[in-house]
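In: My questions concern the predicted model and sequence given below.
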Amino acid sequence: MVSAYISVMTEITENQVGLPPAVERFILHWGDMGGQWGVNRSVAQIHALLYLSERPLPAEEIAQQLGIARSNVSTSLKELLGWRLIERVPMPGDRRDHFRAEADIWEIVTRISQVRKEREIDPAAQVLRRCLEDAEGDPRISPLAMKRLAAMMEFIEMVDRWYGQMIRLPKTQAMTLLKMGNRIVSYLVPGERNSAAKGRKG
């Protein structure tokens, strides 16, 4: 992990055009997080750069600032466009495509979660439904296996319902609900209520 971090940092710092340290650190961290989530490091770094950029950037400038091959930048931009995390922006007097990142945090989160749901949760739910259908009436399936398959299906359906409810909420209501999280936990978890009260007094 350390050697990979140093390698990426060297690549960026040798080819960048004066990125401030805080921006560079954010880009590196976002790229590392992307790798842990199964997202290509270059895709995540480009998204981070565009998110902090004051203006839309062309692919050539993105490649120069991050020290990433132009072909890699093109592929990464296509993926980000597919996730709807960036958009093309026409610039007067310039025929090149310029790109701007979505700046609304809630929109970023909902778009990422939508794609991940389509790629991961929905296929898992389909497979589990088929497994349950195949298991019903099969004497070779133990009651324990059937019970655990049903429990997994119930959990995935619950997550799917929760996602559907959250995604339909207006942004202001969803943010209010998230901010209420600490208060909700304080009522559900013994001892948390006193801790929350002490925190407010402090």
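Out: Here it is on my side, so go on.
In: Skipping adjacent residues, who's closest to the residue nearest to the spatial centre of the chain in space?
Out: Centroid-nearest residue in the chain: Ile112, 4.7 Å away (criterion: Cα atoms, centre = their mean). The spatial neighbour of Ile112 that comes closest, neighbours along the chain excluded (Cβ to Cβ, 6 or more residues apart in numbering), is Trp83 at 6.7 Å. From N, CA and C alone the C-beta is placed, and that goes for glycine too.
In: ok, that neighbour - contacts?
Out: Arg111, Ile112, Val115 (Cβ atoms under 8 Å, 6 or more residues apart in numbering).
In: So which elements touch the top strand by length along the chain?
Out: What stands out as the longest strand in the chain, according to DSSP state E, is strand 94-101. Where contact means 3 or more Cβ pairs under 8 Å, 6 or more residues apart in numbering; DSSP states H and E, strand 94-101 is packed against helix 41-52, strand 57-58, helix 59-66, strand 86-91.
In: which residues touch it?
Out: Strand 94-101 has contacts (Cβ under 8 Å, 6+ apart) with 47, 50-51, 53, 56-60, 62, 77, 80, 85-91.
In: Give me the next element, helix or strand, following it.
Out: helix 105-116 (DSSP states H and E).
In: Please point out which parts of the helix or strand following that next one sit buried.
Out: Using DSSP H and E, the helix or strand that directly follows helix 105-116 along the chain is helix 122-135. Within helix 122-135, the residues scored as buried using 16 or more other Cβ atoms under 10 Å are Ala124, Ala125, Leu128, Cys131.
In: quick one: buried residues of the helix or strand containing Ile27?
Out: Ile27 belongs to helix 21-36 when assigned by DSSP H and E. For helix 21-36, a neighbour-count test (16+ other Cβ under 10 Å) marks Val23, Glu24, Phe26, Ile27, Leu28, Trp30, Gly31, Asp32, Gly34, Gly35 as buried.
In: Then stretch 102-115?
Out: Buried positions in stretch 102-115, judged by neighbour count with 16+ other Cβ under 10 Å: Glu102, Ile108, Thr110, Ile112.
In: Could I get these in TSV, plus columns for distance to Tyr163 and pLDDT?
Out: Compiled in TSV, these are given as follows (distance: Cβ to Cβ, whole Å; pLDDT from 0 to 100):
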residue	distance to Tyr163	pLDDT
Glu102	19	95
Ile108	16	89
Thr110	10	87
Ile112	12	86
